[in-house]
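> After the sequence you'll find the predicted model.
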Amino acid sequence: MRFLIVSEEDIRAGLTTDKYFLWTEQVLKSKGVNPRVVAEVTTSSWGIFVGINDVLKLLEGKPVDVYAMPEGCLFFPHEPVVTIVGRYLDFARFETAILGFICHPSAVATQAFKFKLASGGKRILSFGTRRMHPAISAVIERSAYIGGCDGVSNVSAEKYLGIESVGTMPHALIICFGDQVKAWRAYNEVVDERVPRIMLIDTYYDEKTEAILAIENVERVDGVRLDTPSSRRGNMRKIVEEVRWELDIRGRRDVKIVVSGGLSLKDVMELRDLVDAFGVGTAIAGAKPIDFALDIVEREGNFVAKRGKRGGMKQVYRVWEEFRDNVTLFNEKAEGEPLIQKVMENGKILKTFDMKEARDLVLRQMEIIRSLGIEERFLK
Ligand code: PCP
């Protein structure tokens, strides 16, 4: 018995396509129609572009050229993030997988970006792989990390991404001991001492009661985590304020406060001055996919486009100082740095993108947004 996961071979062979592409192939072949086209991937919202490496792996060896923005680049509405040049039948059936490789990962990165921007510099931890299929855990953590998360909880990130995962402790640990103090002490004794001691303080009693219990009974407490259930959240800010107060008056300003559980961007903005780190699950890992589409914009050298799309192969020039772009036809010049570069030539991969470089690019863009004071535009 195997998990229901489509194999890499089947994805490469084009099995994960939508049926209408197979009928399209059949019709075009039978009528001898196979134009040379330029097709581009665009959407009507802004976001952080992630997923190009898998697209390149998918198209490797096929007689097409591919152009793309760098991974981690913030794209604006209607800008091409990927452009494919070749005969339509050489890539038609891969549209489904090409979009699948970027729609959800880019959405995860975009959500991570928003949370990091909203946090005002506080730590954002990706806690949400449990909300999605485990086969894509590493994809989620990579996207979350590129988007700006400071840490990721899924252990697969260590093997697949080369980054150390982070975490605290689950309620199950406390309940197995049936006693918070015993559980916290045991954690202290057993877990590698390099791991910060972030004690979960909402299992049985009020958070401030458990916070006091922790610092008064456990030798080492680096932080406390409030995962307060929604049924108990009258006013989360007041709860966190109380915990901070009780810790401070006992001389424990050093104890960090971590908040998790169903967090939204609004929650983070409301709590960021009080909280040191946020564990975010569903709102990042389960991000609503960005609805990228792949559209033909040139056929046999002529501009074409369906309604709502813009014809012609394009270049995007970024004016960094103002954080705005100029979009032109590909061979035209404009003010700014060209963002679209050739990444595949006739099926040969010219460039892949490094996760850490992509993350650096994201953080650089975030810094520019902050320095220009235009955060509001990117928090919607
Ligand atoms: C998990 C963890 C985080 C949650 C998930 C993040 O919660 O403690 O708070 O995901 P979310 O943003 O989608 O809520 P639980 O399922 O309560 O896990 P546990 O009781 O094991 O800590």
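Happy to help now that I have it.
> Ignoring the adjacent residues along the chain, who's closest to the residue in the stretch 151-300 of the chain positioned nearest to the ligand?
Taking C-beta to the nearest ligand atom, the ligand has its nearest neighbour within the stretch 151-300 of the chain at G281, 2.0 Å off. (Glycine included, C-beta is placed from N, CA and C.) Sequence neighbours aside, G128 is the residue nearest to G281 in space, at 3.3 Å (criterion: C-beta to C-beta, 6 or more residues apart in numbering).
> For the one you found, give me the backbone phi and psi.
For G128, the backbone dihedrals are phi -110, psi 10 (criterion: degrees, to the nearest 10).
> Give the burial count for the residue nearest to P77 when sequence neighbours are not counted, as a bare number.
Nearest non-adjacent residue to P77, counting by C-beta to C-beta, 6+ apart: S44, 5.0 Å away. S44 has 11 neighbours, counted by other C-beta atoms under 10 Å.
> Doesn't V50 lie inside a strand?
No - counting by DSSP: H, G, I helix; E, B strand; the rest coil, V50 is not found in a strand; it is coil.
> my guess is it meets Y145, correct?
No - contact criterion C-beta atoms under 8 Å: V50 and Y145 do not qualify, at 10.0 Å.
> Neighbour count: those two, which is higher?
Set V50 next to Y145 and count neighbours by other C-beta under 10 Å: V50 wins out with 33 against 25.
> contacting residues around the more buried one?
Neighbouring residues of V50 by C-beta atoms under 8 Å, 6 or more residues apart in numbering: E71, G72, I102, P105, S106, V108, A109, R142, S143, I146, G147, A358.
> where are the low-confidence patches of the chain?
By pLDDT under 70, the chain has no low-scoring segment.
> Which phi and psi values does the residue positioned nearest the centre of it adopt?
In the chain, the C-alpha closest to the average C-alpha coordinate belongs to A109, at a distance of 2.2 Å (C-alpha atoms, centre = their mean). A109 adopts backbone torsions of phi -60, psi -40, taken as degrees, to the nearest 10.
> these two touch, right, it and E141?
No - between A109 and E141 no contact is recorded; they are 11.0 Å apart, counting by C-beta under 8 Å.
> And the residue of the stretch 1-150 of the chain found nearest the ligand, how far from A39?
Nearest to the ligand, among the residues of the stretch 1-150 of the chain, is F127, at 4.1 Å (C-beta to the nearest ligand atom). Counting by C-beta to C-beta, to the nearest Å, the gap from F127 to A39 is 37 Å.
> and if you look at F278?
Going from F278 to A39 by C-beta to C-beta gives 39 Å.
> again with A135
Between A135 and A39 the computed distance is 28 Å (C-beta to C-beta).
> picking up where we left off before, so what's the residue of the stretch 151-300 of the chain closest to the ligand up against?
Residues in contact with G281 (C-beta under 8 Å, 6+ apart) are S126, F127, G128, R130, R131, S260, G261, G262, L263.
> what about 7 Å?
Residues counted as contacts of G281 (C-beta atoms under 7 Å, 6 or more residues apart in numbering) are F127, G128, R131.
> Likewise for A118?
L265, V268, M269, L379.
> Any quick PyMOL command for the buried ones out of those residues?
In PyMOL, selecting the buried portion of the contacts of A118, with burial taken from 16 or more other C-beta atoms under 10 Å, looks like this:
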select buried, resi 265+268
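> Now the two most distant members of the contacts of A118.
Farthest-apart pair in these is V268 and L379; separation 9.9 Å (C-beta to C-beta).
> can you list the residues of the stretch 201-350 of the chain near the ligand?
Proximity of the stretch 201-350 of the chain to the ligand is confined to D227, S260, G261, G262, L263, G279, V280, G281, T282, A283 under the rule C-beta under 6 Å from any ligand atom.
> I figured the second one was touching G128, is that so?
Pointing back at S260 there. No - with the criterion set as C-beta atoms under 7 Å, S260 and G128 do not qualify as a contacting pair; they are 10.0 Å apart.
> for the stretch 201-350 of the chain, what spans make up the strands?
In order along the chain, the stretch 201-350 of the chain carries the following strands (DSSP state E, counting those that start in this stretch): 223-226, 256-260, 277-280, 293-299, 302-303, 314-319, 324-329, 337-338, 341-345, 348-349.
> What strands line up against the fourth one, and which way round?
Same thing as strand 293-299. Using DSSP bridges, the strands paired with strand 293-299 in its sheet are strand 36-42 (antiparallel), strand 302-303 (antiparallel).
> Can I get these in TSV including mean neighbour count?
Output for the strands paired with strand 293-299, formatted as TSV (neighbours: other C-beta atoms under 10 Å):
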stretch	mean neighbour count
strand 36-42	22
strand 302-303	11
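> Serialize those to TSV and add fields for distance to D254.
Formatted as TSV, these follow (distance: least, C-beta to C-beta, whole Å):
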stretch	distance to D254
strand 36-42	48
strand 302-303	63
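> still on that earlier bit, what is in contact with V50 and Y145 at once?
By C-beta under 7 Å, 6+ apart, no residue touches both V50 and Y145.
> Highest mean neighbour count out of the strands of the stretch 201-350 of the chain?
Each of the strands of the stretch 201-350 of the chain was given a mean neighbour count from mean count of other C-beta atoms under 10 Å, and the largest, a mean of 26, is that of strand 277-280.
> With only the CA atoms kept, save it in CSV.
Provided in CSV are the C-alpha atoms of strand 277-280 (Å, rounded to 0.1, in the frame of the first residue of the first chain):
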residue,chain,number,x,y,z
ALA,A,277,7.5,35.6,18.1
PHE,A,278,4.4,34.4,16.4
GLY,A,279,3.7,30.8,15.3
VAL,A,280,1.5,31.0,12.2
